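1. what follows is a predicted protein model with its sequence.
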Number of protein chains: 2
Amino acid sequence: MSEPDPPQEATDQRLLRGARARAAISRHAVDVASLEGLTGLSIGRLAADLGLSKSGIATLFGSKENLQLAVAATAREVFLDAVVSPASNAPSGGARLRALTEYWLAYVRAPLFAGGCFWAAGLADFDSRPGPVRDELIRHRRHWLALLTGEFEQALAAGEAPDLDPELAAFQLDAVLVAANTALRLGDEDTPEKVRRVLDGLLTPRRQADER
Amino acid sequence: MSEPDPPQEATDQRLLRGARARAAISRHAVDVASLEGLTGLSIGRLAADLGLSKSGIATLFGSKENLQLAVAATAREVFLDAVVSPASNAPSGGARLRALTEYWLAYVRAPLFAGGCFWAAGLADFDSRPGPVRDELIRHRRHWLALLTGEFEQALAAGEAPDLDPELAAFQLDAVLVAANTALRLGDEDTPEKVRRVLDGLLTPRRQADER
(Lines give C-alpha, C1' and ligand atoms only; values in the text may rest on other atoms or scores of the structure.)
Protein backbone atom coordinates (compact mmCIF):
# COMPACT_ATOMS: atom_id res chain seq x y z
CA MET A 1 0.00 0.00 0.00
CA SER A 2 3.05 2.29 0.04
CA GLU A 3 2.96 2.80 -3.73
CA PRO A 4 0.46 5.16 -5.31
CA ASP A 5 -2.28 3.69 -7.51
CA PRO A 6 -1.01 3.32 -11.07
CA PRO A 7 -2.62 5.61 -13.61
CA GLN A 8 -5.71 4.12 -15.32
CA GLU A 9 -3.96 3.63 -18.65
CA ALA A 10 -1.21 1.51 -17.12
CA THR A 11 -3.80 -0.63 -15.33
CA ASP A 12 -5.67 -1.18 -18.59
CA GLN A 13 -2.43 -2.16 -20.31
CA ARG A 14 -1.64 -4.62 -17.59
CA LEU A 15 -5.14 -6.16 -17.71
CA LEU A 16 -4.87 -6.43 -21.46
CA ARG A 17 -1.50 -8.16 -21.24
CA GLY A 18 -2.96 -10.41 -18.55
CA ALA A 19 -5.94 -11.30 -20.76
CA ARG A 20 -3.68 -12.01 -23.75
CA ALA A 21 -1.36 -14.13 -21.63
CA ARG A 22 -4.32 -16.06 -20.20
CA ALA A 23 -5.66 -16.70 -23.72
CA ALA A 24 -2.28 -17.91 -25.01
CA ILE A 25 -1.70 -20.15 -22.02
CA SER A 26 -5.26 -21.53 -22.18
CA ARG A 27 -4.86 -22.38 -25.85
CA HIS A 28 -1.71 -24.38 -25.19
CA ALA A 29 -3.34 -25.93 -22.12
CA VAL A 30 -6.21 -27.26 -24.28
CA ASP A 31 -3.66 -29.19 -26.35
CA VAL A 32 -2.06 -30.60 -23.22
CA ALA A 33 -5.49 -31.50 -21.77
CA SER A 34 -6.55 -33.21 -25.02
CA LEU A 35 -3.51 -35.47 -24.62
CA GLU A 36 -3.18 -35.85 -20.88
CA GLY A 37 -6.72 -35.12 -19.72
CA LEU A 38 -7.76 -32.09 -17.71
CA THR A 39 -6.47 -33.75 -14.56
CA GLY A 40 -3.05 -34.24 -16.18
CA LEU A 41 -2.78 -30.49 -16.65
CA SER A 42 -0.34 -28.92 -14.22
CA ILE A 43 0.88 -25.37 -13.83
CA GLY A 44 4.43 -26.77 -13.70
CA ARG A 45 4.03 -28.50 -17.06
CA LEU A 46 2.62 -25.37 -18.70
CA ALA A 47 5.43 -23.25 -17.25
CA ALA A 48 8.04 -25.66 -18.61
CA ASP A 49 6.37 -25.89 -22.06
CA LEU A 50 5.97 -22.14 -22.46
CA GLY A 51 9.14 -20.95 -20.74
CA LEU A 52 7.16 -19.01 -18.13
CA SER A 53 7.44 -18.97 -14.36
CA LYS A 54 5.11 -21.17 -12.35
CA SER A 55 4.28 -18.25 -10.08
CA GLY A 56 3.37 -16.09 -13.09
CA ILE A 57 0.89 -18.70 -14.36
CA ALA A 58 -0.45 -19.29 -10.86
CA THR A 59 -1.06 -15.53 -10.49
CA LEU A 60 -2.90 -15.35 -13.82
CA PHE A 61 -5.26 -18.25 -13.06
CA GLY A 62 -5.42 -18.37 -9.28
CA SER A 63 -5.98 -22.11 -8.90
CA LYS A 64 -5.78 -25.35 -10.84
CA GLU A 65 -9.59 -25.45 -10.95
CA ASN A 66 -9.73 -21.96 -12.46
CA LEU A 67 -7.12 -23.03 -14.99
CA GLN A 68 -9.28 -26.06 -15.89
CA LEU A 69 -12.35 -23.81 -16.28
CA ALA A 70 -10.39 -21.38 -18.49
CA VAL A 71 -9.25 -24.31 -20.60
CA ALA A 72 -12.83 -25.59 -20.93
CA ALA A 73 -13.97 -22.12 -22.06
CA THR A 74 -11.18 -21.93 -24.65
CA ALA A 75 -11.96 -25.43 -25.94
CA ARG A 76 -15.62 -24.42 -26.23
CA GLU A 77 -14.70 -21.39 -28.37
CA VAL A 78 -12.48 -23.49 -30.62
CA PHE A 79 -15.26 -26.06 -31.00
CA LEU A 80 -17.89 -23.42 -31.83
CA ASP A 81 -15.55 -21.78 -34.39
CA ALA A 82 -14.60 -25.09 -36.00
CA VAL A 83 -17.91 -26.95 -36.04
CA VAL A 84 -21.01 -25.00 -35.06
CA SER A 85 -20.43 -21.62 -36.73
CA PRO A 86 -19.42 -22.88 -40.20
CA ALA A 87 -22.32 -25.40 -40.21
CA SER A 88 -24.80 -22.60 -39.52
CA ASN A 89 -24.43 -21.57 -43.18
CA ALA A 90 -26.29 -24.74 -44.20
CA PRO A 91 -30.12 -24.71 -44.12
CA SER A 92 -31.54 -25.90 -40.80
CA GLY A 93 -32.52 -29.58 -40.59
CA GLY A 94 -30.92 -32.47 -42.45
CA ALA A 95 -28.49 -30.30 -44.43
CA ARG A 96 -27.19 -28.66 -41.28
CA LEU A 97 -26.86 -32.03 -39.53
CA ARG A 98 -24.75 -33.25 -42.45
CA ALA A 99 -22.66 -30.09 -42.27
CA LEU A 100 -22.19 -30.43 -38.49
CA THR A 101 -21.11 -34.03 -39.02
CA GLU A 102 -18.58 -33.12 -41.72
CA TYR A 103 -17.13 -30.24 -39.70
CA TRP A 104 -16.94 -32.53 -36.66
CA LEU A 105 -15.10 -35.20 -38.65
CA ALA A 106 -12.68 -32.57 -39.94
CA TYR A 107 -12.32 -31.19 -36.41
CA VAL A 108 -11.30 -34.49 -34.86
CA ARG A 109 -8.86 -35.18 -37.71
CA ALA A 110 -7.25 -31.76 -37.97
CA PRO A 111 -4.60 -30.96 -35.38
CA LEU A 112 -6.79 -28.40 -33.63
CA PHE A 113 -6.18 -30.20 -30.38
CA ALA A 114 -3.06 -32.34 -30.16
CA GLY A 115 -4.89 -35.28 -28.56
CA GLY A 116 -8.22 -35.33 -30.43
CA CYS A 117 -11.50 -34.29 -28.90
CA PHE A 118 -10.93 -32.32 -25.74
CA TRP A 119 -14.52 -32.93 -24.62
CA ALA A 120 -14.34 -36.69 -24.94
CA ALA A 121 -11.11 -36.71 -22.93
CA GLY A 122 -12.51 -34.22 -20.42
CA LEU A 123 -15.78 -36.04 -19.81
CA ALA A 124 -14.07 -39.38 -19.26
CA ASP A 125 -11.82 -37.67 -16.72
CA PHE A 126 -14.46 -35.70 -14.89
CA ASP A 127 -17.66 -37.73 -15.07
CA SER A 128 -16.88 -39.09 -11.60
CA ARG A 129 -15.65 -35.81 -10.05
CA PRO A 130 -18.42 -33.46 -8.91
CA GLY A 131 -17.54 -29.77 -9.02
CA PRO A 132 -17.53 -26.73 -11.28
CA VAL A 133 -15.41 -28.34 -14.01
CA ARG A 134 -17.79 -31.31 -14.33
CA ASP A 135 -20.74 -28.86 -14.31
CA GLU A 136 -19.14 -26.94 -17.18
CA LEU A 137 -18.55 -30.10 -19.21
CA ILE A 138 -22.15 -31.19 -18.58
CA ARG A 139 -23.40 -27.76 -19.68
CA HIS A 140 -21.40 -27.99 -22.90
CA ARG A 141 -22.73 -31.51 -23.58
CA ARG A 142 -26.36 -30.41 -22.94
CA HIS A 143 -26.01 -27.45 -25.34
CA TRP A 144 -24.57 -29.71 -28.00
CA LEU A 145 -27.29 -32.36 -27.62
CA ALA A 146 -29.99 -29.65 -27.62
CA LEU A 147 -28.52 -28.22 -30.83
CA LEU A 148 -28.60 -31.64 -32.53
CA THR A 149 -32.13 -32.34 -31.22
CA GLY A 150 -33.32 -28.99 -32.60
CA GLU A 151 -31.94 -29.77 -36.04
CA PHE A 152 -33.58 -33.20 -36.06
CA GLU A 153 -36.84 -31.48 -35.05
CA GLN A 154 -36.43 -29.20 -38.07
CA ALA A 155 -35.81 -32.21 -40.29
CA LEU A 156 -38.95 -33.82 -38.88
CA ALA A 157 -41.04 -30.66 -39.35
CA ALA A 158 -39.79 -30.32 -42.93
CA GLY A 159 -40.85 -33.89 -43.70
CA GLU A 160 -37.26 -34.94 -44.37
CA ALA A 161 -37.46 -37.80 -41.87
CA PRO A 162 -41.10 -38.47 -40.99
CA ASP A 163 -40.87 -41.11 -38.25
CA LEU A 164 -37.87 -39.79 -36.39
CA ASP A 165 -37.53 -39.33 -32.62
CA PRO A 166 -35.37 -36.17 -32.48
CA GLU A 167 -34.02 -36.72 -28.99
CA LEU A 168 -33.14 -40.36 -29.66
CA ALA A 169 -31.58 -39.44 -33.00
CA ALA A 170 -29.46 -36.76 -31.30
CA PHE A 171 -28.29 -39.31 -28.70
CA GLN A 172 -27.30 -41.69 -31.50
CA LEU A 173 -25.54 -39.12 -33.67
CA ASP A 174 -23.59 -37.77 -30.69
CA ALA A 175 -22.64 -41.34 -29.71
CA VAL A 176 -21.24 -42.20 -33.15
CA LEU A 177 -19.42 -38.84 -33.39
CA VAL A 178 -17.69 -39.48 -30.07
CA ALA A 179 -16.98 -43.08 -31.16
CA ALA A 180 -15.53 -41.71 -34.41
CA ASN A 181 -13.09 -39.58 -32.43
CA THR A 182 -11.82 -42.68 -30.62
CA ALA A 183 -11.81 -44.88 -33.74
CA LEU A 184 -9.92 -42.33 -35.84
CA ARG A 185 -7.31 -41.89 -33.14
CA LEU A 186 -6.88 -45.66 -33.10
CA GLY A 187 -6.44 -45.74 -36.88
CA ASP A 188 -9.84 -46.96 -38.17
CA GLU A 189 -9.82 -45.02 -41.42
CA ASP A 190 -13.27 -46.14 -42.61
CA THR A 191 -14.90 -44.36 -39.65
CA PRO A 192 -16.06 -41.17 -41.43
CA GLU A 193 -17.95 -43.28 -43.97
CA LYS A 194 -19.64 -45.22 -41.13
CA VAL A 195 -20.71 -42.01 -39.44
CA ARG A 196 -22.19 -40.69 -42.70
CA ARG A 197 -24.13 -43.92 -43.20
CA VAL A 198 -25.53 -43.75 -39.67
CA LEU A 199 -26.72 -40.18 -40.24
CA ASP A 200 -28.20 -41.19 -43.62
CA GLY A 201 -30.05 -43.97 -41.83
CA LEU A 202 -31.41 -41.55 -39.23
CA LEU A 203 -32.51 -39.01 -41.85
CA THR A 204 -34.11 -41.42 -44.32
CA PRO A 205 -36.15 -43.95 -42.34
CA ARG A 206 -36.73 -47.01 -44.45
CA ARG A 207 -40.49 -46.94 -44.18
CA GLN A 208 -40.64 -43.59 -45.98
CA ALA A 209 -40.04 -45.00 -49.46
CA ASP A 210 -42.79 -47.59 -49.03
CA GLU A 211 -45.40 -45.26 -47.60
CA ARG A 212 -45.23 -42.64 -50.31
CA MET B 1 24.31 -64.02 -2.79
CA SER B 2 25.52 -65.00 0.71
CA GLU B 3 22.26 -66.83 1.57
CA PRO B 4 21.60 -70.35 0.26
CA ASP B 5 18.81 -70.87 -2.30
CA PRO B 6 15.48 -71.28 -0.49
CA PRO B 7 13.89 -74.75 -0.70
CA GLN B 8 11.44 -75.22 -3.61
CA GLU B 9 8.36 -75.20 -1.36
CA ALA B 10 9.23 -71.84 0.13
CA THR B 11 9.80 -70.43 -3.36
CA ASP B 12 6.39 -71.70 -4.48
CA GLN B 13 4.78 -70.14 -1.41
CA ARG B 14 6.45 -66.89 -2.13
CA LEU B 15 5.38 -66.91 -5.79
CA LEU B 16 1.83 -67.73 -4.73
CA ARG B 17 1.78 -64.89 -2.25
CA GLY B 18 3.26 -62.66 -4.95
CA ALA B 19 0.54 -63.67 -7.42
CA ARG B 20 -2.21 -63.10 -4.85
CA ALA B 21 -0.77 -59.74 -3.90
CA ARG B 22 -0.52 -58.73 -7.56
CA ALA B 23 -4.17 -59.73 -8.10
CA ALA B 24 -5.39 -57.80 -5.05
CA ILE B 25 -3.38 -54.71 -5.96
CA SER B 26 -4.49 -54.88 -9.61
CA ARG B 27 -8.13 -55.10 -8.58
CA HIS B 28 -7.86 -51.97 -6.46
CA ALA B 29 -5.83 -50.28 -9.20
CA VAL B 30 -8.68 -50.84 -11.68
CA ASP B 31 -10.97 -48.82 -9.41
CA VAL B 32 -8.41 -46.05 -9.16
CA ALA B 33 -7.87 -46.09 -12.93
CA SER B 34 -11.62 -45.97 -13.60
CA LEU B 35 -11.70 -42.73 -11.59
CA GLU B 36 -8.35 -41.13 -12.37
CA GLY B 37 -7.49 -42.77 -15.68
CA LEU B 38 -4.64 -45.18 -16.22
CA THR B 39 -2.20 -42.30 -16.32
CA GLY B 40 -3.44 -41.10 -12.93
CA LEU B 41 -2.42 -44.42 -11.42
CA SER B 42 0.71 -44.14 -9.32
CA ILE B 43 2.53 -46.70 -7.22
CA GLY B 44 2.60 -44.12 -4.41
CA ARG B 45 -1.19 -43.75 -4.48
CA LEU B 46 -1.72 -47.52 -4.40
CA ALA B 47 0.77 -47.91 -1.54
CA ALA B 48 -1.04 -45.23 0.49
CA ASP B 49 -4.51 -46.68 -0.25
CA LEU B 50 -3.54 -50.24 0.61
CA GLY B 51 -1.11 -49.60 3.47
CA LEU B 52 1.76 -51.22 1.55
CA SER B 53 5.26 -50.02 0.87
CA LYS B 54 6.01 -48.35 -2.45
CA SER B 55 9.07 -50.53 -2.88
CA GLY B 56 6.98 -53.69 -2.30
CA ILE B 57 4.52 -52.70 -5.05
CA ALA B 58 7.35 -51.63 -7.35
CA THR B 59 9.00 -55.05 -6.86
CA LEU B 60 5.76 -56.89 -7.67
CA PHE B 61 5.09 -55.00 -10.91
CA GLY B 62 8.50 -53.82 -12.05
CA SER B 63 7.39 -50.64 -13.80
CA LYS B 64 4.43 -48.30 -14.12
CA GLU B 65 3.81 -49.66 -17.61
CA ASN B 66 3.70 -53.23 -16.30
CA LEU B 67 1.30 -52.10 -13.60
CA GLN B 68 -0.92 -50.50 -16.28
CA LEU B 69 -0.85 -53.72 -18.32
CA ALA B 70 -1.73 -55.80 -15.24
CA VAL B 71 -4.60 -53.44 -14.54
CA ALA B 72 -5.85 -53.75 -18.13
CA ALA B 73 -5.74 -57.57 -17.84
CA THR B 74 -7.70 -57.46 -14.57
CA ALA B 75 -10.27 -55.07 -16.01
CA ARG B 76 -10.65 -57.39 -18.99
CA GLU B 77 -11.39 -60.36 -16.71
CA VAL B 78 -13.94 -58.36 -14.72
CA PHE B 79 -15.60 -57.26 -17.97
CA LEU B 80 -15.72 -60.80 -19.38
CA ASP B 81 -17.17 -62.13 -16.10
CA ALA B 82 -19.76 -59.37 -15.80
CA VAL B 83 -20.92 -58.97 -19.42
CA VAL B 84 -19.68 -61.52 -21.92
CA SER B 85 -19.89 -64.79 -19.94
CA PRO B 86 -23.43 -64.37 -18.52
CA ALA B 87 -24.74 -63.25 -21.94
CA SER B 88 -23.39 -66.41 -23.56
CA ASN B 89 -26.33 -68.27 -21.99
CA ALA B 90 -28.67 -66.47 -24.41
CA PRO B 91 -29.07 -67.91 -27.94
CA SER B 92 -26.65 -66.40 -30.44
CA GLY B 93 -27.96 -63.47 -32.51
CA GLY B 94 -30.54 -60.90 -31.44
CA ALA B 95 -31.22 -62.50 -28.05
CA ARG B 96 -27.53 -62.49 -27.14
CA LEU B 97 -27.15 -58.89 -28.31
CA ARG B 98 -30.01 -57.91 -26.00
CA ALA B 99 -28.41 -59.87 -23.16
CA LEU B 100 -25.00 -58.26 -23.78
CA THR B 101 -26.69 -54.85 -23.74
CA GLU B 102 -28.51 -55.53 -20.47
CA TYR B 103 -25.40 -56.90 -18.76
CA TRP B 104 -23.42 -53.92 -20.05
CA LEU B 105 -26.01 -51.48 -18.67
CA ALA B 106 -25.91 -53.28 -15.31
CA TYR B 107 -22.12 -53.29 -15.44
CA VAL B 108 -21.77 -49.54 -15.91
CA ARG B 109 -24.36 -48.89 -13.16
CA ALA B 110 -23.12 -51.37 -10.58
CA PRO B 111 -20.08 -50.28 -8.56
CA LEU B 112 -17.81 -52.84 -10.22
CA PHE B 113 -15.37 -50.08 -11.00
CA ALA B 114 -15.56 -46.98 -8.83
CA GLY B 115 -15.41 -44.61 -11.79
CA GLY B 116 -17.60 -46.33 -14.40
CA CYS B 117 -16.25 -48.01 -17.51
CA PHE B 118 -12.52 -48.57 -17.19
CA TRP B 119 -12.19 -49.04 -20.95
CA ALA B 120 -13.86 -45.78 -21.84
CA ALA B 121 -11.60 -43.95 -19.39
CA GLY B 122 -8.55 -45.89 -20.56
CA LEU B 123 -9.09 -45.32 -24.27
CA ALA B 124 -9.63 -41.60 -23.82
CA ASP B 125 -6.36 -41.50 -21.90
CA PHE B 126 -4.28 -43.65 -24.20
CA ASP B 127 -5.64 -43.11 -27.69
CA SER B 128 -2.86 -40.58 -28.27
CA ARG B 129 -0.03 -42.51 -26.54
CA PRO B 130 1.55 -45.26 -28.67
CA GLY B 131 2.93 -48.21 -26.73
CA PRO B 132 1.99 -51.57 -25.22
CA VAL B 133 -0.86 -50.19 -23.07
CA ARG B 134 -2.54 -48.57 -26.06
CA ASP B 135 -2.00 -51.80 -28.05
CA GLU B 136 -3.73 -53.77 -25.28
CA LEU B 137 -6.69 -51.38 -25.18
CA ILE B 138 -6.97 -51.57 -28.99
CA ARG B 139 -6.88 -55.38 -28.82
CA HIS B 140 -9.67 -55.40 -26.24
CA ARG B 141 -11.76 -53.03 -28.36
CA ARG B 142 -11.22 -55.12 -31.53
CA HIS B 143 -12.30 -58.30 -29.71
CA TRP B 144 -15.40 -56.60 -28.39
CA LEU B 145 -16.37 -55.16 -31.81
CA ALA B 146 -15.71 -58.55 -33.46
CA LEU B 147 -17.94 -60.22 -30.89
CA LEU B 148 -20.79 -57.76 -31.56
CA THR B 149 -20.30 -58.06 -35.34
CA GLY B 150 -20.48 -61.87 -35.07
CA GLU B 151 -23.77 -61.70 -33.18
CA PHE B 152 -25.25 -59.28 -35.72
CA GLU B 153 -24.11 -61.71 -38.46
CA GLN B 154 -25.98 -64.48 -36.62
CA ALA B 155 -29.07 -62.28 -36.40
CA LEU B 156 -28.77 -61.59 -40.14
CA ALA B 157 -28.30 -65.29 -40.99
CA ALA B 158 -31.32 -66.21 -38.84
CA GLY B 159 -33.48 -63.69 -40.71
CA GLU B 160 -34.01 -61.63 -37.55
CA ALA B 161 -32.80 -58.46 -39.23
CA PRO B 162 -32.73 -58.93 -42.99
CA ASP B 163 -31.15 -55.72 -44.26
CA LEU B 164 -28.56 -55.22 -41.57
CA ASP B 165 -24.87 -54.35 -42.08
CA PRO B 166 -23.29 -56.29 -39.17
CA GLU B 167 -20.12 -54.23 -38.96
CA LEU B 168 -21.97 -50.91 -39.10
CA ALA B 169 -24.50 -52.16 -36.53
CA ALA B 170 -21.66 -53.22 -34.19
CA PHE B 171 -20.08 -49.76 -34.55
CA GLN B 172 -23.42 -48.15 -33.66
CA LEU B 173 -24.22 -50.40 -30.72
CA ASP B 174 -20.74 -49.97 -29.25
CA ALA B 175 -21.04 -46.19 -29.72
CA VAL B 176 -24.33 -45.97 -27.82
CA LEU B 177 -23.08 -48.29 -25.06
CA VAL B 178 -20.04 -46.09 -24.51
CA ALA B 179 -22.28 -43.00 -24.67
CA ALA B 180 -24.58 -44.64 -22.09
CA ASN B 181 -21.66 -45.01 -19.71
CA THR B 182 -20.98 -41.27 -19.93
CA ALA B 183 -24.66 -40.28 -19.81
CA LEU B 184 -25.40 -42.45 -16.76
CA ARG B 185 -22.42 -41.05 -14.90
CA LEU B 186 -23.73 -37.56 -15.66
CA GLY B 187 -27.19 -38.46 -14.33
CA ASP B 188 -29.24 -39.06 -17.52
CA GLU B 189 -31.50 -41.75 -16.10
CA ASP B 190 -33.47 -42.40 -19.30
CA THR B 191 -30.31 -43.65 -21.01
CA PRO B 192 -30.90 -47.43 -20.67
CA GLU B 193 -34.26 -47.05 -22.42
CA LYS B 194 -32.61 -45.12 -25.26
CA VAL B 195 -29.98 -47.82 -25.70
CA ARG B 196 -32.67 -50.52 -25.86
CA ARG B 197 -34.58 -48.54 -28.48
CA VAL B 198 -31.46 -48.15 -30.60
CA LEU B 199 -30.81 -51.91 -30.47
CA ASP B 200 -34.49 -52.58 -31.30
CA GLY B 201 -34.11 -50.29 -34.29
CA LEU B 202 -30.99 -52.11 -35.46
CA LEU B 203 -32.60 -55.55 -35.05
CA THR B 204 -35.95 -54.75 -36.64
CA PRO B 205 -35.35 -52.65 -39.75
CA ARG B 206 -38.53 -50.86 -40.62
CA ARG B 207 -38.76 -52.19 -44.13
CA GLN B 208 -39.15 -55.71 -42.80
CA ALA B 209 -42.83 -55.36 -41.82
CA ASP B 210 -43.73 -54.01 -45.27
CA GLU B 211 -41.85 -56.60 -47.25
CA ARG B 212 -43.41 -59.64 -45.60
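-> Thanks, I have it.
2. mind checking pLDDT for the closest residue in space to A:Leu202 that isn't next to it in sequence?
-> Sequence neighbours aside, A:Ala169 is the residue nearest to A:Leu202 in space, at 4.8 Å (criterion: CB to CB, 6 or more residues apart in numbering or on different chains). All C-beta spots, glycine's among them, are computed from the backbone N, C-alpha and C. We have a pLDDT of 96 for A:Ala169.
3. gap between A:Ala169 and B:Leu177?
-> 17 Å (CB to CB, to the nearest Å).
4. in which helix or strand does A:Ala106 reside?
-> In this structure, A:Ala106 sits in helix A:94-109 according to DSSP states H and E.
5. pull the longest helix from chain A.
-> With secondary structure taken from DSSP state H, chain A has its longest helix at helix A:8-36.
6. quick one: buried residues of that one?
-> A:21-22, A:25-26, A:28-36 (16 or more other CB atoms under 10 Å in any protein chain shown).
7. same thing with stretch A:65-85?
-> Neighbour-count burial for stretch A:65-85 [16+ other CB under 10 Å]: A:67-72, A:74-76, A:78-79, A:82-84.
8. could you dump those to CSV with pLDDT and secondary structure?
-> Supplementary listing: the buried residues of stretch A:65-85 in CSV, determined by pLDDT from 0 to 100; DSSP: H, G, I helix; E, B strand; the rest coil:
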residue, pLDDT, secondary structure
A:Leu67, 89, helix
A:Gln68, 87, helix
A:Leu69, 89, helix
A:Ala70, 88, helix
A:Val71, 87, helix
A:Ala72, 87, helix
A:Thr74, 86, helix
A:Ala75, 85, helix
A:Arg76, 88, helix
A:Val78, 85, helix
A:Phe79, 87, helix
A:Ala82, 90, helix
A:Val83, 93, helix
A:Val84, 95, helix
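9. so what's A:Ser63 up against?
-> By CB atoms under 8 Å, 6 or more residues apart in numbering or on different chains, the contact list for A:Ser63 is empty.
10. burial of the nearest residue to A:Glu160 once chain neighbours are set aside, as a residue count?
-> Nearest residue to A:Glu160 in three dimensions, chain neighbours excluded: A:Gly94, at 4.5 Å (CB to CB, 6+ apart). Applying other CB atoms under 10 Å in any protein chain shown, we find 23 other residues in the vicinity of A:Gly94.
11. OK, contacts around A:Gly94?
-> In this structure, A:Gly94 makes contact with A:Glu151, A:Ala155, A:Ala158, A:Glu160, A:Ala161, A:Leu203, judged by CB under 8 Å, 6+ apart.
12. rebuild the residues you listed as TSV, extending it with secondary structure and distance to A:Glu189.
-> What follows is the contacts of A:Gly94, written out as TSV (DSSP: H, G, I helix; E, B strand; the rest coil; distance: CB to CB, whole Å):
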residue	secondary structure	distance to A:Glu189
A:Glu151	helix	27
A:Ala155	helix	29
A:Ala158	coil	33
A:Glu160	coil	29
A:Ala161	coil	28
A:Leu203	helix	24
